[in-house]
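J.: structure, please.
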Amino acid sequence: MAEPQSQVHPAPQPDCETPPALAHPLLQRTLAAFSYRDFRVLWFGAFTSTVGTWMQKVAQSWLVFDLTKNPFFLGLDDFLGQLPILLFTLVGGVVADRHDRRRLLLGSQYIQMAAAFTLAALVFFGHVRIWHILGLSFVTGMAQAFGGPAYQSLIPSLVPKKHLTNAIALNSIQFNLARVFGPLLAGAALYFGTAACFGLNGLSFLVVIVALMSLHIKHIRQADPKPMLQEMKGGLTYARSQPSIIALTVLAFLTTFLGLPLLTFLPVFAREIFHGEVSVYTYMMACSGAGAVIGALVVAWLGRFKHMGLTLLIVQALFGALIAAFAMSRTWWWSCVLLFFAGAALIVVFSMTASLVQLIVPDHLRGRVVSIYMVAFRGGMPLGSLAGGYAARLTSAPHVLAVNGALVSVVALYFLVRSHGVREQ
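T.: Just a heads-up that it's a prediction; the model follows:
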């Protein structure tokens, strides 16, 4: 039986007047999705909130390492923040297909805002303990497990399909621009204490809440909703029937599992390899984020093109080599250069993988199938961080990253040879 149609919207139309910033043909191609009002509104709201989130991430990682002096707790904090995504994102995908995606996102923002303000208060009054941080990371992850599928499923409702790859790349740009500005602003705010970073993050959620409330889209209820487990099974059945979806999902998991510890261990490199303080860490984060912005701009300019899957695998092999080179570097400026190019390669891989999944999936199954992809994509982060943190206790963070980088390249070479539907996309 055909799945019931839900969340079907008319194709978005561009604004009557092209924004002045998009007058140049090159910019019109690179920033095509910005010609749609709702996408612009959500982009700027999400960007402000993500800046706050990166401010908190920097301050929180430094606080965890300062409290414990143990890289294992860096991995554990990341694991607990991402664990709910492993446990509940599939449910969140079904909910995103059944209910108003905008309302789900609003609820997610309220919970994350409350968690940020709670941590700010605990630090400000001197009562913070490591278990407070770990517990609030789990609560934030719970909110993201339901907000993530809703957000990813909402984007195709804001732009036509021909500009979907561009919109996904521009969404990556806002995330990574925030990864540049967030750590730099965190470095300034940390002069006033880590509580300032957490409090500013809480305030940043107000901007995206206002943006969500101002969107012009309307929710269309399912005509004949099925029981939740049956709808979840429908999404899983469809994903299993598409070899390319399975391959892209496996690829996303292995890339995040092996590649994201590069960012998790940056505080260790800043303090123990380069003997610096938090400013060194923030500069390293900014270098990675700047590279990611450039990578996302390239993907946005390219849009949908032939041999996207082949390009994705080649860039992933290069990403693995960059991780290994960074792990072995002991020269500050060279490490920053490697981080820049690794950030660019990482976001090219992520943007192209997400674009291919979104282009393959029909809208009425989007929430469920995207949630499966997100379980792999986001689930690889905590598992990789936890495994990497444990391995770093037995050896060292540089050794772990060197091995991970080599394995990332091996995974890319495997899919280049065997394909499983990725190379032909």
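
J.: any weak-confidence spans in the stretch 1-150 of the chain?
T.: Within the stretch 1-150 of the chain, the set of residues satisfying pLDDT under 70 comprises 1-28, 97.

J.: where along it do the helices fall?
T.: Ranges of helices within the stretch 1-150 of the chain are 25-30, 37-68, 71-98, 101-124, 130-154, based on DSSP state H, counting those that start in this stretch.

J.: check which helices and strands the second one sits against.
T.: So that's helix 37-68. In terms of contact count using 3 or more C-beta pairs under 8 Å, 6 or more residues apart in numbering; DSSP states H and E, helix 37-68 is assigned the packing partners helix 71-98, helix 101-124, helix 130-154, helix 164-189, helix 194-213, helix 266-268, helix 278-302. Quick note: C-beta positions are derived from backbone N, CA and C, even for glycine.

J.: now do 7 Å
T.: Under the contact criterion of 3 or more C-beta pairs under 7 Å, 6 or more residues apart in numbering; DSSP states H and E, helix 37-68 touches helix 71-98, helix 130-154, helix 164-189, helix 194-213, helix 266-268, helix 278-302.

J.: any chance of CSV for those, columns distance to residue 49 and mean neighbour count?
T.: Converted to CSV, those look like this (distance: least, C-beta to C-beta, whole Å; neighbours: other C-beta atoms under 10 Å):
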stretch, distance to residue 49, mean neighbour count
helix 71-98, 16, 23
helix 130-154, 11, 22
helix 164-189, 8, 24
helix 194-213, 4, 21
helix 266-268, 22, 23
helix 278-302, 16, 23
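
J.: just tell me which of those helices ends up closest to residue 122.
T.: When the helices and strands packed on helix 37-68 are compared for distance to residue 122 using C-beta to C-beta, the nearest one is helix 130-154, at 5.4 Å.

J.: got the contact list for that closest one?
T.: 7, 60, 63-64, 67-68, 73, 76-77, 80-85, 88-89, 92-93, 95-96, 101-102, 104-105, 108, 111-112, 115, 118-119, 122, 366-367, 370-371, 374, 378 (C-beta atoms under 7 Å, 6 or more residues apart in numbering).

J.: quick one, it and helix 194-213 angle?
T.: Helix 130-154 runs at 20 degrees relative to helix 194-213, counting by axes from the mean of the first three to the mean of the last three C-alpha atoms, to 10 degrees.

J.: now the angle from helix 130-154 to helix 101-124?
T.: Going by the same axes, to 10 degrees, helix 130-154 is angled at 160 degrees with respect to helix 101-124.

J.: just to check, residue 392 is in contact with residue 400?
T.: Yes: taking contacts as C-beta atoms under 7 Å, residue 392 lies within contact range of residue 400: 5.1 Å.

J.: so for the two, which sits in the more crowded spot?
T.: Using other C-beta atoms under 10 Å as the criterion, residue 392 and residue 400 rank with residue 400 on top: 27 against 23.

J.: where does the more buried one land in three-state SS?
T.: Counting by DSSP: H, G, I helix; E, B strand; the rest coil, the backbone at residue 400 sits in helix.

J.: do you know the pLDDT at it?
T.: Reading off the per-residue confidence, residue 400 sits at a pLDDT of 91.

J.: thought it was touching residue 390?
T.: No: counting by C-beta under 7 Å, residue 400 sits too far from residue 390 to count as a contact (9.3 Å).

J.: so which residues of the stretch 251-400 of the chain form helices?
T.: Taking DSSP H, counting those that start in this stretch as the test, the helices found in the stretch 251-400 of the chain are 261-264, 266-268, 278-302, 308-328, 332-360, 366-394, 397-418.

J.: mean pLDDT lowest for which of those?
T.: Comparing mean pLDDT over the helices of the stretch 251-400 of the chain, the weakest stretch is helix 366-394, at a mean of 77.

J.: which elements pack onto that helix?
T.: Judged by 3+ C-beta pairs under 7 Å, 6+ apart, helix 366-394 is in contact with helix 71-98, helix 130-154, helix 228-240, helix 243-259, helix 261-264, helix 397-418.

J.: how about these, which one is nearest residue 357?
T.: Distances from residue 357 to each of those were compared using C-beta to C-beta; the shortest belongs to helix 243-259, at 5.5 Å.

J.: and the closest one, average pLDDT?
T.: The predicted model assigns helix 243-259 a mean pLDDT of 84.

J.: roughly how far out does it sit from the chain middle?
T.: The gap between where helix 243-259 is centred and where its chain is centred comes out at 14 Å by C-alpha atoms, centre = their mean, to the nearest Å.

J.: could you do stretch 255-270 as well?
T.: The offset between the C-alpha centroid of stretch 255-270 and the centroid of the whole chain comes to 14 Å, using C-alpha atoms, centre = their mean.

J.: offset the numbering so it begins at 378, please.
T.: All right, first residue 378 from here; so that's stretch 632-647.

J.: any residues touching it, and which ones?
T.: In this structure, residues lying in contact with stretch 632-647 by C-beta under 7 Å, 6+ apart are 438-439, 442, 448, 451-452, 455, 653, 657-658, 661-662, 665, 693, 696, 700, 703, 719, 723, 726, 754, 757-758, 760-762, 765, 769, 774, 777-778, 781, 784-785.

J.: winner for burial among the helices of the stretch 628-777 of the chain?
T.: With neighbours defined as mean count of other C-beta atoms under 10 Å, those peak in mean count at helix 638-641, which reaches a mean of 26.

J.: what about residue 564, distance to residue 479?
T.: Look at residue 564 and residue 479: by C-beta to C-beta, to the nearest Å, they are 34 Å apart.

J.: also residue 692?
T.: Taking C-beta to C-beta, one finds residue 692 at 34 Å from residue 479.

J.: for residue 520, same thing?
T.: 15 Å.

J.: now swap in residue 777 and tell me
T.: Here the criterion is C-beta to C-beta. By it, residue 777 lies 41 Å from residue 479.

J.: which one of the helices of the stretch 378-527 of the chain lies nearest to residue 687?
T.: Each of these was scored for nearness to residue 687 using C-beta to C-beta, and the closest is helix 402-407 (22.0 Å).
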